[in-house]
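> dropping a prediction and its sequence here:
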Amino acid sequence: MQVTQSVSFLDSIVADLREAYRADSRPWIVGFSGGKDSTMVTQLIYYMLARMEPLERHKPIYVLGSDTRVESPAIAARIRKELDLIAASAERDDLPITTQVVFPKLNDTFWVNLIGRGYPSPTIHFRWCTDRLKIRPISDFITRVVSRCGAVIVVLGARRDESSSRAQTMRAREIEDQRFRPHSDLPNAWVYTPIEHLTSNEVWLYLLQAPSPWGGDNRGLITLYKQAAGGECPLVIDTSTPSCGHSRFGCWTCTVVENDRSMEALVDLGEDHLGPLLEFRDYLKRMRDVPGARQDRRRNGRRAYSREGELMRGTGPFTHETRRELLLRLLSAQRGSGHVLIEGDELAAIQHVWSREEDNPQPVDAVGRIWAQVYKEAAMPHESNIQENYFSEEEALLSSVCQRHGVSFEMMRRLRELEEEFGHLRRRHGLPEEMRDVIRQALQQE
């Protein structure tokens, strides 16, 4: 295959990539988020392998994409298309590259937690979605490769120039004279950031001069950035990875930012099919603080009090009335936009949660009625066997251990949810009391 000449500032990067690849037998996992930085890193690696003799390509490279199931439609489509092209081109060129897309477990998806369990829309202080939708699926994949190969290198397109917080995080974790740093959470996994010192302009300069080796559309990517006025949402591998900025590609449901300027820009440019998504996202953000939209008690049954001892109303999960309204509006947005926003297995899982809640179990056809109200038909999308996919590997193991020792699985899961909720806070005032309440309630129900 024909290989483009590299621009001058890339010589040291390409040399370091080649040396790093030849240094050991640890396979590489390349994070591919569909944006400019991950596209550049993946191209550099592809060209590097193409220059090598076949016998030198001694270890596999996994190009890993992450689909949260609430990705912005344009980015989700780009990731799928690019990964398909990479896989086909690598097979044609006999390169040891395979592609993989990971998804959150059904029990961890955004809609099952928000509409099913009533988790309030995420904020900067309670970003419950990041771990479930991004970190867990990627960590599970990395862990599987480590268990099979012993160790792994995770290659990312992170750059210090992206933001001051990103630069600070990368400086804090660097090891002098070492190209790899240990993964902050996963043993036997190391992180490699070969373009960390490049500027955004240098990344674009490369992508304009170096054609995609798999036939991808770099100029289309530039157009996508211009239209959305956005930045790249990084592949999140641990809690130290900064979240998306204020104008970015990422989850279209994101309520952590005040306004989704990327989506607004696309709608203003005539992408009318995205209008229902933007309207729903803004409604979801407002509902968090609407009086009466949330329960006074949290999922563990405990009421929240301020430090002054005053009852804090409306700080628990969304009420069943709110959840039904959210599902109705989501399905209406789905029908109006033409995009699949929620899958059949998620609808089945939501019904599974609703019908088994202790305080106010819903009728077994509650979700089906809402579907029929929107689509004027009773048949919902295919419902897969949710029991096979409902629990994550961690929860399945926890359930097995609880059964073996006669401990309430629901109690242990609620304790874990409490830890996750308080884990985002610097001060965990009230956590011991809430955990004692969960245990006390479980003992009373026995």
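Structure's in. What do you need? Since this is a predicted model, take the numbers as computed values, not measurements.

> now do the strands in the protein.
Ranges of strands within the chain are 28-31, 61-66, 97-102, 152-155, 180-182, 189-192, based on DSSP state E.

> quick one: closest of these to residue 376.
strand 97-102 (33.5 Å; CB to CB). Bear in mind the C-beta positions are built from the backbone N, C-alpha and C, glycine included.

> contacts for that closest one, please.
Under the contact criterion CB atoms under 8 Å, 6 or more residues apart in numbering, strand 97-102 has outside partners 32, 46, 49, 60-67, 79-80, 83-84, 86-87, 90, 137-138, 140-141.

> try it again with 7 Å
Residues from elsewhere that reach strand 97-102 (CB atoms under 7 Å, 6 or more residues apart in numbering): 60-67, 83, 86-87, 90, 137-138, 141.

> list buried residues within those residues.
Neighbour-count burial (16 or more other CB atoms under 10 Å) applied to the contacts of strand 97-102 gives 61-67, 83, 86-87, 90, 137-138, 141.

> thinking again about what came up before, which one, of the strands of the chain, ends up nearest to residue 333?
Once those are compared by CB to CB, strand 61-66 is nearest, at 23.1 Å.

> the closest one versus strand 97-102: what angle between them?
Here the directions of strand 61-66 and strand 97-102 differ by 20 degrees (axes from the mean of the first three to the mean of the last three CA atoms, to 10 degrees).

> avg pLDDT for strand 61-66?
Mean pLDDT, computed over strand 61-66, is 96.

> please apply the same query to stretch 193-204.
Mean pLDDT, computed over stretch 193-204, is 92.

> begin at 23 from now on, thanks
With 23 as the first residue, the last one maps to stretch 215-226.

> now the end-to-end length of it.
End-to-end distance for stretch 215-226: 17 Å, by CA to CA, to the nearest Å.

> list the buried ones in it?
215, 216, 217, 218, 220, 224, 225, 226.

> need the residues you listed in a markdown table (columns: distance to residue 60).
Shown next, in a markdown table, are the buried residues of stretch 215-226 (distance: CB to CB, whole Å):
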| residue | distance to residue 60 |
| --- | --- |
| 215 | 11 |
| 216 | 12 |
| 217 | 10 |
| 218 | 13 |
| 220 | 13 |
| 224 | 15 |
| 225 | 10 |
| 226 | 14 |
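
> ok, so of these, who is nearest residue 275?
residue 225 (27.7 Å).

> residue 435 versus that closest one, what's the distance?
As judged by CB to CB, to the nearest Å, residue 225 and residue 435 stand 43 Å apart.

> got it, and residue 376?
For residue 376 relative to residue 435 (CB to CB), the value is 17 Å.

> and for residue 206?
Counting by CB to CB, the gap from residue 206 to residue 435 is 25 Å.

> so between these two, which is more surrounded?
Using other CB atoms under 10 Å as the criterion, residue 206 and residue 435 rank with residue 435 on top: 18 against 14.

> burial measure for residue 369, as a count.
24.

> that one against residue 389, yeah?
Yes. Counting by CB atoms under 7 Å, residue 369 does reach residue 389; the two are 5.4 Å apart.

> buried residues in stretch 388-400?
388, 389, 390, 392, 393, 396.

> wait, isn't the last one in contact with residue 355?
Pointing back at residue 396 there. No. Contact criterion CB under 7 Å: residue 396 and residue 355 do not qualify, at 9.7 Å.

> quick check: residue 392 vs residue 400, distance?
Distance, residue 392 to residue 400, using CB to CB: 12 Å.

> just residue 180 next, same as before
For residue 180, the distance to residue 400 (CB to CB) stands at 48 Å.

> pLDDT-wise, which helix or strand of the chain ranks last?
The helix or strand of the chain with the poorest confidence is helix 408-411; it has a mean of 46 (mean pLDDT, DSSP states H and E).

> low-confidence ranges in the stretch 123-272 of the chain?
Within the stretch 123-272 of the chain, the stretches with pLDDT under 70 are 185-199, 250-271.

> again, 50 this time
252, 264-269 (pLDDT under 50).

> where do the helices sit along it?
In the stretch 123-272 of the chain, the segments counted as helices under DSSP state H, counting those that start in this stretch are 132-133, 150-152, 158-171, 186-195, 222-231, 240-250.

> packing partners of the third one?
So that's helix 158-171. strand 83-88, strand 119-124, strand 174-177 (3 or more CB pairs under 7 Å, 6 or more residues apart in numbering; DSSP states H and E).

> so which of these gets nearest residue 424?
Residue 424 lies closest to strand 119-124 among these, at 26.8 Å (CB to CB).

> now the closest one: buried residues?
By neighbour count with 16+ other CB under 10 Å, strand 119-124 contains the buried residues 119, 121, 123, 124.

> residue 52: neighbour count?
Using other CB under 10 Å, residue 52 has 25 other residues around it.
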